[in-house]
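Q: this is a predicted model, with the sequence first.
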Amino acid sequence: MRNPPPLKLGILGSGRGSNFIAISDAIRARQLHATVSLVISDLADAPILSLARARGYRTWACPAGRFKTKLEPDLEAQLAAQLRAADIDLVILAGYMRVVKTPLLAAFPRRIINIHPSLLPAFPGLQAWAQALAAGATVSGCTVHYVNEILDGGDIIAQARVPVLPGDTPETLHTRIQAEEHWLLPAVVGRFAAGKSA
């Protein structure tokens with residue numbers, strides 16, 4: 001019996017690309033039966049794009065448009081078309097700082113996941129680790145969830161808990177949360193690659 005083909009991933013990011021690197025490293029180590037078919041950013045100078053090119057992956061910089069928090073429908077339709085042309089099986093938002101709207105959601109129904117630095121439903125939105133500290137939370141963490149039309153509101157797939165330590169700053173807590181993200185996200189992608197429902 002032939003092995004199934006690797007899961008084709010499209011990764012969207014706006015920043016440094018540390019979760020992209022975690023996925024790429026898991027693929028290189030043969031811990032993840034997948035391939036990164038396309039890396040997209042909404043920022044032409046985002047480090048994730050240069051990292052992806054250095055590793056030999058195809059990249060595309062989406063036009064930024066007029067708004068900081070979302071893409072205009074025609075631009076998001078272009079983004080969705082790029083992913084469809086690459087025959088993507090699963091879209092991963094890895095530090096992608098735009099709210100996803102109908103063009104992308106309709107193109108990949110229940111095939112878009114996001115990593116968020118809190119234990120959702122607590123602390124959706126930006127700077128979730130700082131929100132947790134400001135609220136006096138004793139535990140934080142990260143969540144992988146399906147993406148829908150509600151910001152950080154899709155069904156939860158998996159979570160990892162991170163204790164908030166005495167003396168934590170937003171930076172120290174965020175660093176420990178990211179360490180958990182870097183194993184949790186590849187593990188969840190592995191479940192999709194194995195054909196298991198998340």
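A: Sure, I can see it. Numbers count the residues shown, from 1 in each chain.

Q: helices of this protein, start to end?
A: In the chain, the helices defined using DSSP state H lie at 18-28, 47-54, 73-85, 102-107, 128-134, 170-193.

Q: nearest to Pro121, out of the ones you listed?
A: helix 128-134 (11.2 Å; Cβ to Cβ). For every residue, glycine as well, the C-beta is placed using N, CA and C.

Q: any regions of this protein where pLDDT drops low?
A: 1-2, 196-198 (pLDDT under 70).

Q: repeat that with 90
A: 1-4, 63-71, 195-198 (pLDDT under 90).

Q: once you drop chain neighbours, what's closest to Ala107?
A: Take Ala107 and drop its neighbours on the chain: the residue closest to it by Cβ to Cβ, 6 or more residues apart in numbering is Ala80, 4.0 Å away.

Q: now render the helices of the chain as a markdown table, adding mean neighbour count and distance to Cys142.
A: Compiled in a markdown table, the helices of the chain are given as follows (neighbours: other Cβ atoms under 10 Å; distance: least, Cβ to Cβ, whole Å):
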| stretch | mean neighbour count | distance to Cys142 |
| --- | --- | --- |
| helix 18-28 | 20 | 10 |
| helix 47-54 | 18 | 18 |
| helix 73-85 | 16 | 24 |
| helix 102-107 | 16 | 22 |
| helix 128-134 | 20 | 9 |
| helix 170-193 | 18 | 5 |
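
Q: just send those back as JSON lines, with distance to Leu93 too.
A: Conversion of those to JSON lines gives the following (distance: least, Cβ to Cβ, whole Å):
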{"stretch": "helix 18-28", "distance to Leu93": "9"}
{"stretch": "helix 47-54", "distance to Leu93": "12"}
{"stretch": "helix 73-85", "distance to Leu93": "12"}
{"stretch": "helix 102-107", "distance to Leu93": "10"}
{"stretch": "helix 128-134", "distance to Leu93": "14"}
{"stretch": "helix 170-193", "distance to Leu93": "10"}
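
Q: buried ones in stretch 146-165?
A: For stretch 146-165, the neighbour count (16 or more other Cβ atoms under 10 Å) marks 146-148, 152, 154, 157-160, 162, 164 as buried.

Q: and for stretch 36-46?
A: Across stretch 36-46, burial judged by 16+ other Cβ under 10 Å covers 36-42, 46.

Q: can you check stretch 89-108 too?
A: So, applying 16+ other Cβ under 10 Å, buried residues of stretch 89-108: 89-98, 100, 103-105, 107-108.
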